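Engineer: Okay, structure incoming, though there's no sequence with it:
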């Protein structure tokens, strides 16, 4: 073979690699209604947060904070911002709301990663959920 001859054909360029899904830690904040629409004995129960990326039955109990607030952190939340996949569905179980039409489930008055959740699915029902995206820094974004 002569030197300088390229006998191996060039490989055609394939598709770009899929972006790796990152994970973020996200702050959860919820303002509970002042009045408890439930049997008084259950009103002291903790608020629990749920996200669509969690396993069934898994939830994050939030901690009480001043001003009828509840706070916590969700770890290992899949990053989905900018939107390339569906929004995360988020909601809470609030003991103050058990005897309302939602059966205690709500996405109202909820902040995810500092973003007030403003878009809902099945609002006012036991299936109510908020729609939110999460970026690499753990900040929430409403749907575009």
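Structural biologist: Great, that's in hand. This structure is a prediction, so every number in the text was calculated from the model and none was measured.
Engineer: give me the low-pLDDT residue ranges for this protein?
Structural biologist: The model of the chain has pLDDT under 70 over residues 1-20, 38-41.
Engineer: Now do the strands in it.
Structural biologist: Chain-ordered strands for the chain, with DSSP state E as the definition, fall at 23-31, 48-51, 60-61, 63-65, 69-78, 88-93, 105-106, 110-112, 115-116, 120-121, 129-134, 140-141.
Engineer: can you put those strands in a markdown table and add distance to residue 42?
Structural biologist: Bear in mind the C-beta positions are built from the backbone N, C-alpha and C, glycine included. Shown next, in a markdown table, are the strands of the chain (distance: least, CB to CB, whole Å):
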| stretch | distance to residue 42 |
| --- | --- |
| strand 23-31 | 17 |
| strand 48-51 | 13 |
| strand 60-61 | 15 |
| strand 63-65 | 15 |
| strand 69-78 | 15 |
| strand 88-93 | 11 |
| strand 105-106 | 15 |
| strand 110-112 | 20 |
| strand 115-116 | 27 |
| strand 120-121 | 25 |
| strand 129-134 | 23 |
| strand 140-141 | 29 |
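Engineer: With distance to residue 99 and mean neighbour count added, can I get these in TSV?
Structural biologist: Listed next are those as TSV, based on distance: least, CB to CB, whole Å; neighbours: other CB atoms under 10 Å:
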stretch	distance to residue 99	mean neighbour count
strand 23-31	19	19
strand 48-51	17	21
strand 60-61	21	14
strand 63-65	21	13
strand 69-78	19	16
strand 88-93	13	23
strand 105-106	12	22
strand 110-112	20	24
strand 115-116	26	16
strand 120-121	21	16
strand 129-134	20	25
strand 140-141	29	22
